[in-house]
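Chemist: Need a 3D model of the sequence below.
(chains A and B)
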Protein chains: 2
Amino acid sequence: MSFTGLRKLISAKDAPICVGLDPSLTAHPDVGKLLEFNKRIIDAVAEFVPCVKPQAAFYEARGLKGLEVLRDTIRYARERGLYVLLDAKRGDIGSTAEAYANAYLQAGAEFECDAITVNAYTGSDGVKPFLESAVKYDKAIFALVKTSNPSSGELQDVPTSDGESVYVKMAKLLDGLGDTDHLGYVVGATYSDQLAELRTMFPQTFFLVPGYGAQGGSAASVKPAFDGRGGGAIVNNSRGIIESSDPQAAVVAMAAALREVRA
Amino acid sequence: MSFTGLRKLISAKDAPICVGLDPSLTAHPDVGKLLEFNKRIIDAVAEFVPCVKPQAAFYEARGLKGLEVLRDTIRYARERGLYVLLDAKRGDIGSTAEAYANAYLQAGAEFECDAITVNAYTGSDGVKPFLESAVKYDKAIFALVKTSNPSSGELQDVPTSDGESVYVKMAKLLDGLGDTDHLGYVVGATYSDQLAELRTMFPQTFFLVPGYGAQGGSAASVKPAFDGRGGGAIVNNSRGIIESSDPQAAVVAMAAALREVRA
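Modeler: Numbering: from 1, shown residues only, chains lettered A, B, ... in the order given. Below is the predicted model of the structure:
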């Protein structure tokens, strides 16, 4: 679904929140119990949030059985009316990027999602096939711009010769593709200044903001991600919800905290 | 297998060649025939090359059945004594990168390979979990530095404030991890000058050089990838071999062409 659709879902629930379905191998060693775990989380939060974000790595790490759980989790969440954003950070060139787009964005694909995260280090010809599929099938992609991890600055913050930084160049490259309804940016909740900078530079662009909770992001740190009307961004929380003793209470509390800063 | 092992395999066959198992969706529409196709290619080339490189995207695009073919292709190639490098370009942060490493590098994993390609845009904490697994299980990783596609320069060639470029910064960041036996670079066959530059800057680093053949790379263009003894690199060719009417003759001819430029 494009961001036009996602914005409506967010408004309907008044919660710009994405629940990360990232079941760690240590907390969830039994793949046989994983689908039920995900369904319980989805059932608990579906009334209150518009979006879930399965992290592909945790399913791939469990082999084919894990990938079956991923497929069935995606289907279950979509049946419940949730927007499913697959965090797969795929990225390649030309026909290979097209194959990844087929895998996750094409209508009827076994792993069909509403959106996927992509890594555009390869440049625009690695992104265009994803964007074309997104337009064709009413989907969206989020490209990594400034990631939430402590070492993200090692490459992304490198100053360029004209006084910008690599992540700003990445954002401009993506902006040059000219489609803010299907192409958004990933900008970490842990980098409040960069969220503010990018929001100012790209007022129309939709942001996925991971890193809320366990990674250190907070309502205060993500405040600059929102536009003047409190929109334009969705904030992900994984462990803080799925490992909570009460996931429903956790999303309700997070929605309230975000309502404060979006006002 | 670390590069110590890969170098021995290359020497034994006198062919620094990797055969890309990239079955396109248009040329190979029937997933039911894909494993047999891959086996026929593997059987044709195993005596002459040390390595095959399945491209994950083409298997993911076929859903779970495609991923079964990927698993069985990896197993078949390894049983035939080939080094299996999975081209998956995975990249994420912290525990997520660790989950990807578990999926593809851990001993006994369903998709266990000898090496995997990674995308290090997230910085060193996205690479270290892969590198730790590589060391632990005698595997290797290849990180994207300068990719072979026409638009790779849009981000990778951006000049930095100290007169370098983003891809050189990436290479230095990776070099700082200090393990040239388990961490190599991906540098495209289509960028001969950059191959020469990076070979000079990083004389000990092992290169994976994709883009030979259909993408425009040639024996002449990859010549600078090799070190003074004709080693230090492996060159990938996908369509030029797997879509050839005689894959065996194609690898034999490619080995001869590379022997000329490595002399």
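Chemist: my read: A:G153 touches B:D125, true?
Modeler: No - look at A:G153 against B:D125 with CB atoms under 8 Å: they stay out of range, at 10.9 Å. The way it works is simple: take the backbone N, C-alpha and C, and place the C-beta from them, glycine included.
Chemist: separation between the most centrally placed residue in chain A and B:G178?
Modeler: Chain A has A:L208 as the residue nearest its centroid, 4.9 Å off, counting by CA atoms, centre = their mean. Applying CB to CB, to the nearest Å, the value for A:L208 to B:G178 is 33 Å.
Chemist: repeat for A:Q248
Modeler: Using CB to CB, A:Q248 is found at 47 Å from B:G178.
Chemist: Check A:A97 too.
Modeler: 32 Å.
Chemist: higher neighbour count, these two?
Modeler: Neighbours around A:A97 and B:G178, counted as other CB atoms under 10 Å in any protein chain shown, are more numerous at A:A97. The numbers are 27 against 8.
Chemist: quick one: secondary structure of the more buried one?
Modeler: Recorded secondary structure, A:A97: helix (DSSP: H, G, I helix; E, B strand; the rest coil).
Chemist: my read: it touches A:L131, true?
Modeler: No - using CB under 8 Å as the test, A:A97 is too far from A:L131 to be in contact (9.7 Å).
Chemist: about what we covered before: so what are the sheet partners of the host helix or strand of the residue nearest to the centre of chain A and their directions?
Modeler: Using DSSP states H and E, A:L208 falls within strand A:207-209. Next to strand A:207-209 in the sheet, as set by DSSP bridges, lie strand A:183-187 (parallel), strand A:233-237 (parallel).
Chemist: List the buried residues for the first one?
Modeler: In other words, strand A:183-187. A:183-187 (16 or more other CB atoms under 10 Å in any protein chain shown).
Chemist: ok, so of those, who is nearest chain B?
Modeler: Of all those, chain B sits closest to A:V186, with 10.3 Å by CB to the nearest CB.
Chemist: all helices for chain A, in order.
Modeler: Remark: helices assigned in chain A by DSSP state H are A:3-13, A:34-45, A:56-60, A:63-79, A:94-104, A:124-137, A:153-156, A:166-175, A:192-201, A:219-222, A:239-242, A:247-262.
Chemist: Averaged pLDDT, the fourth one. What do you get?
Modeler: So the one you mean is helix A:63-79. For helix A:63-79, mean pLDDT is 98.
Chemist: now do the last one
Modeler: Mean pLDDT, computed over helix A:247-262, is 98.
Chemist: go on, the second one?
Modeler: This predicted structure assigns helix A:34-45 an average pLDDT of 98.
Chemist: which other residues reach that helix?
Modeler: Residues outside helix A:34-45 that contact it (CB atoms under 8 Å, 6 or more residues apart in numbering or on different chains): A:19, A:21, A:23, A:28, A:52, A:54, A:62, A:66, A:69, A:72-73, A:76-77, A:80, A:82, A:241-242, A:247-248, A:251.
Chemist: Check the last one too.
Modeler: Judged by CB under 8 Å, 6+ apart, the contacts made with helix A:247-262 from elsewhere in the structure are A:13-17, A:19, A:41, A:44-45, A:48-49, A:212, A:218-220, A:222-223, A:226, A:230-231, A:235, A:237, A:240-241, A:244.
Chemist: Next: the longest one.
Modeler: Counting by CB under 8 Å, 6+ apart, helix A:63-79 makes contact with A:21, A:31-32, A:34-35, A:38-39, A:42, A:46, A:52, A:54, A:56, A:58-60, A:62, A:84, A:86, A:110-114, B:63-64, B:67-68, B:71, B:103, B:109-111, all of which sit outside it.
Chemist: hang on, isn't A:A107 packed against A:Y137?
Modeler: Yes - here A:A107 reaches A:Y137: they are 5.0 Å apart, a contact under CB under 8 Å.
Chemist: more neighbours, those two?
Modeler: A:Y137 (19 against 10).
Chemist: Surely the more buried one is in contact with A:A109?
Modeler: No - contact criterion CB under 8 Å: A:Y137 and A:A109 do not qualify, at 9.1 Å.
Chemist: ok, so what distance separates A:F58 from A:A214?
Modeler: If you go by CB to CB, the gap between A:F58 and A:A214 works out to 15 Å.
Chemist: ok, now which ones touch A:S124?
Modeler: By CB under 8 Å, 6+ apart, the neighbours of A:S124 are A:173, A:176-177, B:151, B:154.
Chemist: contacting residues for the most far-flung residue of chain A relative to its centre?
Modeler: What lies farthest from the middle of chain A is A:S161; by CA atoms, centre = their mean that is 30.7 Å. Contact analysis of A:S161 by CB under 8 Å, 6+ apart lists B:158-161, B:163.
Chemist: what's the closest of the residues you listed to A:A120?
Modeler: The shortest approach to A:A120 among the contacts of A:S161 belongs to B:V158, at 13.0 Å (CB to CB).
Chemist: ok, that closest one to B:Y76 distance?
Modeler: Distance, B:V158 to B:Y76, by CB to CB: 42 Å.
Chemist: Tell me which of these two has more neighbours.
Modeler: Neighbours were counted for B:V158 and for B:Y76 using other CB under 10 Å; B:V158 has more, 21 against 18.
Chemist: hang on, the more buried one packs against A:V166?
Modeler: Yes - in this structure, B:V158 is within contact of A:V166 by CB under 8 Å, at 7.0 Å.
Chemist: Mind listing the shared neighbours of the two?
Modeler: A:160, B:166.
Chemist: circling back to that earlier point, buried deepest among the helices of chain A, which one?
Modeler: helix A:56-60 (a mean of 27; mean count of other CB atoms under 10 Å in any protein chain shown).
Chemist: pull the CA atoms of that one into PDB?
Modeler: C-alpha atoms of helix A:56-60 as PDB (Å, rounded to 0.1, in the frame of the first residue of the first chain):
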ATOM      1  CA  ALA A  56      13.300 -11.300   7.800                       C
ATOM      2  CA  ALA A  57      16.600 -12.300   9.500                       C
ATOM      3  CA  PHE A  58      14.900 -14.000  12.400                       C
ATOM      4  CA  TYR A  59      12.900 -16.200  10.100                       C
ATOM      5  CA  GLU A  60      15.700 -17.000   7.700                       C
END
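Chemist: elements contacting it?
Modeler: helix A:63-79, strand A:83-90, helix B:94-104 (3 or more CB pairs under 8 Å, 6 or more residues apart in numbering or on different chains; DSSP states H and E).
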